[in-house]
Every structure is written in structure tokens, then in C-alpha cells.
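# Next input, structure requested:
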Amino acid sequence: MKWLFNIFFGLILFTANAQQPPAYKSINDTSFIKGDKILAPVIIFHDSRIGNTAHDSIAKIAAFLVSHPTYEVEIGFFTDFRGSDVYNKKYSTAQANTVVNYLEKKFGIPLKQIVPYGYGETKLIYNEQDVMKESDSAVKEKMMQQNRRCEIKILDTAYTSATKK
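Predicted coordinates:
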């Protein structure tokens, strides 16, 4: 009976430590609270420049911000684990800054309403060990794509230009 308890307890510990994808709200939801996260539409970059297909995705983010003018949000970019920690942090920061500046220039979103942040590879959904265990290369690439993402995090729902300097 002791071995059954050890297996059961070990299974509980394994399940508790398993990597779970973040819970995201839809960009089309109507109600948000501080701390909510939205997985942004895919934004493709070529180096640190916005790819041609990304403009529609950024327009969706702009529409969200226009329809929620009292929200202060973080535009956070994440990389996979390929490349050095320093490179990934620098690259994701450049991506976030590029999108925030584009939102301001193209759509008139106030810079005080959006905070860029590059996470690099600090918050992987799938770590290197998990990816390397997978034998199917298409599944591996899908896992890496989920690590490379843009999140919109709600920092404040009562933002006004007077509340932030």
C-alpha cells in the first residue's frame, strides 16, 4: 500500500510541476481586469522590422486599445530558447518597442497608454528539455512557435492621461 501512496503522491507532484500554457482571454472579450492577458494575433518580424503580414495583426491590437481607452497595457514579446539570453532579451525588447512606436505613429495610440517589454526567453511555455523530447519535428516547431509570442497584459483599467506622467 505504501508504494501506491508513493506513486500517487509522485503523480500529484509531477502534475503540479508540469508546464501549463498561460490562460488567455480573447481580444474580442468585453470585460477585463488588471492582470488579464491576451495572446495577441501573430506578428511576424524580419530582424526588428515588422513583416508585411503583421500590419493587420497590429491593427487588431490598435482597435482593442481604441475601444478600451481607459486601459493601460503592456505589450510583451517572448522568444524561444534558441540564441543567447542576452540576444533574446535585446531582440524581444526591440520587437516590443517597434510595435508600440507603430501603434503610436500609425494609429495615434498614446505612448503613455502602452508599455513595451521584452521578456526574451524568461517565460517559456515549453522549455528546451520538453521540446527535445518530442520526436516529430513539426510538433517541435509548433512548440517553439508558442514560445515566440506577443501578449497584451492589462496593467490598469482606469487609466487616464492625467494618472501617468
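# any idea how far Asn28 is from Leu111?
Noted for Leu111: a distance of 25 Å to Asn28, by CB to CB, to the nearest Å. (Each C-beta comes from the backbone N, C-alpha and C, glycine too.)
# Which one of those two is surrounded by more residues?
Neighbour count, other CB atoms under 10 Å: between Leu111 and Asn28, Leu111 has more, with 13 against 8.
# Next up, the contacts around the more buried one.
100, 104 (CB atoms under 8 Å, 6 or more residues apart in numbering).
# Backbone dihedrals for it, please?
Here is the backbone geometry of Leu111 (degrees, to the nearest 10): phi -60, psi -30.
# any idea where the helices of the protein begin and end?
In the chain, the segments counted as helices under DSSP state H are 2-17, 55-67, 85-107, 128-133, 137-147.
# So which elements touch the last one?
Helices and strands touching helix 137-147, as assessed by 3 or more CB pairs under 8 Å, 6 or more residues apart in numbering; DSSP states H and E, comprise helix 128-133.
# tell me what the helix it packs on is packed against?
helix 137-147.
# gap between Leu111 and Glu74?
13 Å.
# now do Asn28
Distance of Asn28 to Glu74, computed by CB to CB: 19 Å.
# that older thread, quick one: closest of the helices of the chain to Ala23.
With CB to CB, the closest approach to Ala23 among these belongs to helix 137-147: 13.9 Å.
# who's in contact with Ile50?
Contacts of Ile50 by CB under 8 Å, 6+ apart are 43-44, 58, 98-99, 102.
# what do you get for Phe32?
Counted by CB under 8 Å, 6+ apart, Phe32 has contacts 25, 68, 71, 154, 157.
# between those residues, which is closest to Val86?
Distances from Val86 to the contacts of Phe32, taken as CB to CB, are shortest for Ile154 (29.1 Å).
# Any idea what the closest one is bridged to?
Val73 (DSSP bridges).
# Ile75 contacts Arg149, doesn't it?
No - assessed by CB atoms under 8 Å, Ile75 is found out of contact with Arg149, at 11.5 Å.
# Looking at the two now, which is surrounded by more residues?
Higher neighbour count among Ile75 and Arg149: Ile75, with 25 against 22, using other CB under 10 Å.
# Sounds good, over and out.
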